[in-house]
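Enquirer: Pasting the sequence and the predicted model now:
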Amino acid sequence: MMDEQHRLVEALKYAIQMEVDGKKYYTLVSQEIDNKVGRELYSYLAEQEDHHRRKFEAIYKATVDKQGWPAEIVQPAQTFQLITLFGQAIKSEGKTVKPNQYALDATAKAVDMEIKSRDFYKEQALKSAADIEKKFFSCIAAEEQGHYLALIDYKEYISDPVGWFTRTEHPHLDGV
């Protein structure tokens, strides 16, 4: 039991630091990026990293204080918020966004960060002895996967906005 608690405490410390680092990076990018879609996406991701950090800190405190796992912490995220945010920003920015190296490089780094986070949380879910812990880490891994997919979509959008609109709006030829 003590080994399991030690593993969890160390995993939580690592997770807290990943989320702190993620928020710091996403906040910086949101301030430096030159298009509305990127600013809003990265601001949203920074908020999500902070939200995750608070969850991990609550679990860490409960674990260290031997109070048991806080059940209300295990709630899957509402992904429609990200989809709506991304859709609204793209509507206002349209096909006019211009690709630039900073946005592409920042997004490549962000994608790597989300993959690392997702895989870490999946691994923790597999190592977990308690069902509530497995469910929590699986939920966080799923949220990180959602962030990853949003970043991939954003990368495609800034790389080729016209192509992105063509692909996502599924146009057809009338033959006229």
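Expert: Good, I have the coordinates.
Enquirer: I'd guessed Ser128 sits against Lys134; true?
Expert: Yes: at 4.3 Å, Ser128 and Lys134 qualify as touching, with contact defined as C-beta atoms under 8 Å. The way it works is simple: take the backbone N, C-alpha and C, and place the C-beta from them, glycine included.
Enquirer: Compare the two (neighbour count), which wins?
Expert: Taking other C-beta atoms under 10 Å, Ser128 and Lys134 do not tie; Ser128 has more neighbours (19 against 16).
Enquirer: Quick check: phi and psi at the more buried one.
Expert: Listed backbone geometry of Ser128 is phi -70, psi 140, with angles given as degrees, to the nearest 10.
Enquirer: residue contacts, it?
Expert: Going by C-beta atoms under 8 Å, 6 or more residues apart in numbering, Ser128 touches 8, 134, 137.
Enquirer: 7 Å instead, please
Expert: Contacts for Ser128 (C-beta atoms under 7 Å, 6 or more residues apart in numbering) come out as 134, 137.
Enquirer: and the gap between it and Tyr60?
Expert: Here the criterion is C-beta to C-beta, to the nearest Å. By it, Ser128 lies 15 Å from Tyr60.
Enquirer: What of Leu104?
Expert: Taking C-beta to C-beta, one finds Leu104 at 36 Å from Tyr60.
Enquirer: Could you check which of these two is surrounded by more residues?
Expert: More neighbours surround Tyr60 than the other of Leu104 and Tyr60, with 17 against 13 (other C-beta under 10 Å).
Enquirer: Three-state assignment for that one, please.
Expert: helix (DSSP: H, G, I helix; E, B strand; the rest coil).
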